[in-house]
Each structure stands twice: as C-alpha cells, then as structure tokens.
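Undergrad: I would like to see how this sequence folds:
(chains A and B)
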There are 2 protein chains.
Amino acid sequence: MKVLLIGANGTLGRAVHAALAERGHDVVTASRTGADLYVDITDPDSIRALYEQAGPVDAVANAAGWVPWRPLGELTTADVRAGLEGKAVSQIELVRQGMDRLPAHGSFTLVTGILAREPLLTGSMASLANGAVEAFVRAAAIELPGRQRVNAVSPTVFEESLDAYGDTFAGFDAVPVRRAAAAYVKSVEGHRTGQVFRVE
Amino acid sequence: MKVLLIGANGTLGRAVHAALAERGHDVVTASRTGADLYVDITDPDSIRALYEQAGPVDAVANAAGWVPWRPLGELTTADVRAGLEGKAVSQIELVRQGMDRLPAHGSFTLVTGILAREPLLTGSMASLANGAVEAFVRAAAIELPGRQRVNAVSPTVFEESLDAYGDTFAGFDAVPVRRAAAAYVKSVEGHRTGQVFRVE
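TA: Predicted structure coming up:
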C-alpha cells in the first residue's frame, strides 16, 4: 500500500516508518522539516497542499501532534485553544480533507496517548486533546464513505522517551516504541475501525 | 450551598434547578436569556463578568453547551472549531476562571453526553466535545487547589427531548431528565472528583 506518514521524524514516526517499510509498504513521509513533503498539520491550507502533492494514497498514518504542558492554574485560554488545534483539530482535518481523496478501502490512523485515561500533573491539555480524538474516531468510523476506516493508536510513554520526560511518568510501564509502531501496522493492514489501540 | 447554575433554562437546566432547590440549595441562575445573570459561556470575558456578578459561590453547575450536528462529509473546519468552543473550551473556561474564585471545598459539575461512547450519525462534533471534556475532568481533578472537585454528568437522551430528536436516538433507552438532575446533586453534595456520572 502507499501510506502517507505524517510526523515521520519523531521517535514514534521513525518507528512507524520502519515498521511499514518492513511490511513492504511504499511510505511517503511528511513533516515540518526533513521529510519527502512539507506539512504543518495545524494549518488546514497546508494539509490541502500536502494531499495535492502526495497524490493517491491508500492510507494516512499520523504521528504528529503538540499540546502545551502547563499546570492547570497557569493555563491561558490561548493554551487551551492551542492544545486543541495542535492535536485535535489538526487530526480531524486530516480525516475531513482526506475522506474525499482516499479510495473506498482507505484508512486513517491517528495518534492519542495514555493521558486520555491516566492523567498526569501539567498534562490536562494532553488529556483533553486525546479524549477528543478518541471519541471522534469512534464517531467518524460510522460516517466515512465506502469501507474507509479510522483508528487511533494510544500509547503510554516510550522507553526511548523516558529520559526526556524525567519523573513525569513515574510508575508507568514504559513500552518500546516498536510496539506502538506495530499498532499502526495493525490499523493500516487490518479491517477494524473506530478503535483505540492501547499500547501499554 | 450557594450554587451557580449555568444553562438554567433548558430541559436539563430546569430539572437541575428544581433538584438543587428541593435539596435546600441557594441557586443563582445564569443563561443567555431569562436568568438571574447573563452569560455567554463561549466568551471568556462574559464568564469573567459572570463570576464577578455572582460573588462567592460554593459550586458551579453547568448545563449549557452547543455543537453543530452535521454529516461528517459536510463539516467545515469552522464547524469543528465551533463545536470545541461551544462545549469544550467554554466548560474548561468555567473551571479555569473559577478555580481561583471558589473556596477550598468548591466544586464544578460539567455536562457531556452519551455520544462520547455511543456515536450517532451527524453527531461527530458532540462525540468530539464530550470526549474532550470527560478526559479533561479526569485530568483537572488532580490539579485543582484545596479540596476542590470536578465531575461531568453524561446522560443519554431525555424522555422529555425525544420528540425534538425524532429517530436520531432510535433504540436508545431514554431517561427522565430528573435522573440527570440527581447526578448533579450527587456531584455537588458528594465527595468524589474526576468522575463521569453516566445516566443511561
């Protein structure tokens, strides 16, 4: 399959790239820097340009998303909106603009994370955006055209990222990022839809 | 307790008002029309003015929220943003601005709905906003100051609203709105936090 992989240069994106390539898929990468194609998923016009440049694809896999991490008492209204734009509106836009472009067997795989179900101090915007996307995935699954599918991969912290997070995830079982990448393969090649694939 | 009830004039808000009054609480109502105080919860400045006018309150109970109901294929980016502003950013703003004003025993009760877990055609924005708020409630609960609490009431369709929705909720068990109102009482008078009280 031809797979458009967005956020291809992060820890997760690189692992998804390797896993998809290993399965023989033709991967077109997109990112803000250093990928086959440029995209800023927080800009709907940039997503439109991405789809035009990518041409026909069978599947869209997204590993990009950003939210502010700040104490609840320090969050501004702008932070709340930025978190929603950075991880929810952006991913919905990938589906919304992609559903008319992908074939009847096309699929979308989005990214959320364990904070949807297990909150952490300063992580309320991650929880918010992840919860939004997971509920959207369940809803969009019953409205996509043809046999198009949509799922989310919702991992806990990666072993490879533990150093960057310090004590934030104390007591959480970290997973190797290849396990999250495998969930993308399951979503892309499988036949399920409206699912949140927890990797923890 | 003195309870600030927002969205006091809808089917749910009226029932919550009756239930709180029956329990002896002093209810200050707010709405865009016909309540003690004016508020448009999609406007952060209006929420600020509301808190200033309401004075000290022990609890905030919200029964207001709006999202567009449209087929996924007809949704615009503006619809997505409007749905998030109308039911997610608005309710987060009530908590964000209220947490410094409410006393250490204060509580927030927000509203979501069954579409967070059971999607319906044209309801993807309801799912999205409800999922966002439910995850936020779990996250905010561990960051509120003092012993402040936050919960969501997540009802299915009300018997009193079935006519307005036509066949949309076909096969769903409708509940009398007084059951959802009782969940508000449970949230306001109880001691739990970070909970989604399902009424179905």
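
Undergrad: per-residue pLDDT, the closest residue to residue A:159 other than its chain neighbours?
TA: Excluding its sequence neighbours, the residue lying closest to residue A:159 (C-beta to C-beta, 6 or more residues apart in numbering or on different chains) is residue A:174, at 4.5 Å. C-beta coordinates here come from the backbone N, C-alpha and C atoms, glycine included. pLDDT, residue A:174: 97.

Undergrad: go ahead and confirm residue A:174 touches residue A:163.
TA: No. Applying C-beta atoms under 8 Å, one finds residue A:174 not in contact with residue A:163, separated by 10.7 Å.

Undergrad: more crowded one of those two?
TA: residue A:174 (16 against 7; other C-beta atoms under 10 Å in any protein chain shown).

Undergrad: could you give the number of residues near the closest residue to residue A:35 other than its chain neighbours?
TA: Nearest residue to residue A:35, sequence neighbours excluded (C-beta to C-beta, 6+ apart): residue A:29, at 3.9 Å. Using other C-beta under 10 Å, the number of residues around residue A:29 comes to 21.

Undergrad: centroid-nearest residue for chain A?
TA: residue A:111 (2.6 Å; C-alpha atoms, centre = their mean).

Undergrad: residues contacting that one?
TA: Taking C-beta atoms under 8 Å, 6 or more residues apart in numbering or on different chains as the criterion, residue A:111 is in contact with A:7, A:12, A:62-65, A:91, A:133, A:152-154.

Undergrad: show me which of the residues you listed are buried.
TA: Neighbour counting with 16 or more other C-beta atoms under 10 Å in any protein chain shown marks A:7, A:12, A:62-65, A:91, A:133, A:152-154 as buried within those.

Undergrad: could you pick out which of these are near chain B?
TA: Contacts with chain B within these, as defined by C-beta under 8 Å from any C-beta of the partner chain: residue A:133.

Undergrad: can you map out the helices along chain A?
TA: According to DSSP state H, chain A carries its helices in the segments A:11-22, A:44-54, A:77-84, A:90-98, A:124-140, A:162-165, A:177-189.

Undergrad: how about those, which one is nearest residue B:104?
TA: Closest approach to residue B:104 among these is made by helix A:124-140 (19.7 Å; C-beta to C-beta).

Undergrad: so which other helices or strands are in contact with that closest one?
TA: For helix A:124-140, the packing partners by 3 or more C-beta pairs under 8 Å, 6 or more residues apart in numbering or on different chains; DSSP states H and E come out as helix A:77-84, helix A:90-98, strand A:107-111, strand A:149-155, strand A:196-199, helix B:124-140.

Undergrad: want to throw these into JSON lines with distance to residue B:192 and mean pLDDT?
TA: JSON lines is the format used below for those (distance: least, C-beta to C-beta, whole Å; pLDDT from 0 to 100):
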{"stretch": "helix A:77-84", "distance to residue B:192": "24", "mean pLDDT": "98"}
{"stretch": "helix A:90-98", "distance to residue B:192": "32", "mean pLDDT": "98"}
{"stretch": "strand A:107-111", "distance to residue B:192": "31", "mean pLDDT": "99"}
{"stretch": "strand A:149-155", "distance to residue B:192": "25", "mean pLDDT": "98"}
{"stretch": "strand A:196-199", "distance to residue B:192": "25", "mean pLDDT": "98"}
{"stretch": "helix B:124-140", "distance to residue B:192": "11", "mean pLDDT": "98"}
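
Undergrad: hmm, back to that, closest to residue B:179 among the contacts of residue A:111?
TA: Relative to residue B:179, the closest of the contacts of residue A:111 is residue A:133; by C-beta to C-beta it sits at 29.7 Å.

Undergrad: what's near enough to touch the closest residue to the closest one other than its chain neighbours?
TA: Setting aside the residues directly before and after it, residue A:133 is nearest to residue A:112 in space (C-beta to C-beta, 6+ apart), at 5.0 Å. By C-beta under 8 Å, 6+ apart, residue A:112 lies in contact with A:129-130, A:133-134, A:152-154, A:196.

Undergrad: closest to residue B:99 out of these?
TA: Nearest member of these to residue B:99, counting by C-beta to C-beta, is residue A:129, at 20.2 Å.

Undergrad: the closest one: how many residues sit nearby?
TA: Count around residue A:129 with other C-beta under 10 Å applied: 34.

Undergrad: now residue A:178
TA: Residues near residue A:178, counting by other C-beta under 10 Å, number 15.

Undergrad: that one against residue A:19, yeah?
TA: Yes. If you go by C-beta under 8 Å, residue A:178 and residue A:19 touch, sitting 6.8 Å apart.

Undergrad: which residues of chain A score low on pLDDT?
TA: Under the criterion pLDDT under 70, no range of chain A is flagged.

Undergrad: and residue A:93, how far from residue B:39?
TA: 30 Å (C-beta to C-beta, to the nearest Å).

Undergrad: ok, residue A:24 next?
TA: In terms of C-beta to C-beta, residue A:24 sits 57 Å off from residue B:39.

Undergrad: those two: who's more crowded?
TA: Between residue A:24 and residue B:39, residue B:39 has the larger neighbour count (other C-beta under 10 Å), namely 27 against 7.

Undergrad: and the more buried one, how far is that from chain A?
TA: For residue B:39, the distance to chain A (C-beta to the nearest C-beta, to the nearest Å) stands at 15 Å.

Undergrad: what sits against that residue?
TA: Residues near residue B:39 by C-beta under 8 Å, 6+ apart: B:6, B:30-32, B:46-47, B:49-50.
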